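# Okay, here's the prediction I keep looking at, along with the sequence it came from:
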Amino acid sequence: MVRAEVTTGEQPRLHRLLTSKVDHRPMVNQLQRLRLKADGRIVELRDGQEFPLSPAAPEPATPAVRDLRRRARLTQTEFADRLGVPVDTIRNWEQGKRLPRGPARALLSVIAHAPDTVFAALAGAGAADSTAS
């Protein structure tokens, strides 16, 4: 462990730094003007208007889950069953509460190009899994 030697001349300065009172009012006032929106954005309220605190994140290159599901003419439950995920996952993706990541994003990209092939392959894999048990 490294110990810092404090010389006699530095003690009053160090004491002042440690015991100084910081005026937090400007920071508190600014925090009171900030709002977290339902979609995850943070906005600042000024003159009755909302201003984004930071730019919105760029949209991922994932196909819109709702559009894919509707093109396949499936309900959320049917789509979830075919993908092997909970229906809440589909709902969260469609409502923008969560984004598909990793393998799910890759699978959705393939579904966008060849949905029938993917669903047939997934159905075949599901049948193979049930016979193996």
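That came through, no problem. Numbers count the residues shown, from 1 in each chain.

# what ranges do the helices span in this structure?
In the chain, the helices defined using DSSP state H lie at 11-19, 25-32, 65-71, 76-83, 87-94, 102-113, 115-132.

# okay, the nearest residue in space to Arg46 that is not next to it in sequence: pLDDT?
Spatial nearest neighbour of Arg46, chain neighbours left out: Arg33 (6.9 Å); criterion: CB to CB, 6 or more residues apart in numbering. Any C-beta I mention is one placed from the backbone N, CA and C, and that applies to glycine too. Looking at Arg33, its pLDDT stands at 75.

# Double-check Arg33 against Glu44; I have them as touching.
Yes: assessed by CB atoms under 8 Å, Arg33 is found in contact with Glu44 at 5.2 Å.

# about what we covered before: residue contacts, the residue nearest to Arg46?
44-46 (CB atoms under 8 Å, 6 or more residues apart in numbering).

# what's the answer for Phe119, then?
Per CB under 8 Å, 6+ apart, neighbours of Phe119: 72, 82, 111.

# residues bridging contact with Arg33 and Glu44, i.e. touching both?
Counting by CB under 8 Å, 6+ apart, nothing touches both Arg33 and Glu44.

# Look up how far Arg70 lies from the closest residue in space to Leu45 that isn't next to it in sequence.
Leaving aside its sequence neighbours, Leu45 sits nearest to Arg33 (CB to CB, 6+ apart; 4.9 Å). The gap separating Arg33 from Arg70 is 40 Å, by CB to CB, to the nearest Å.
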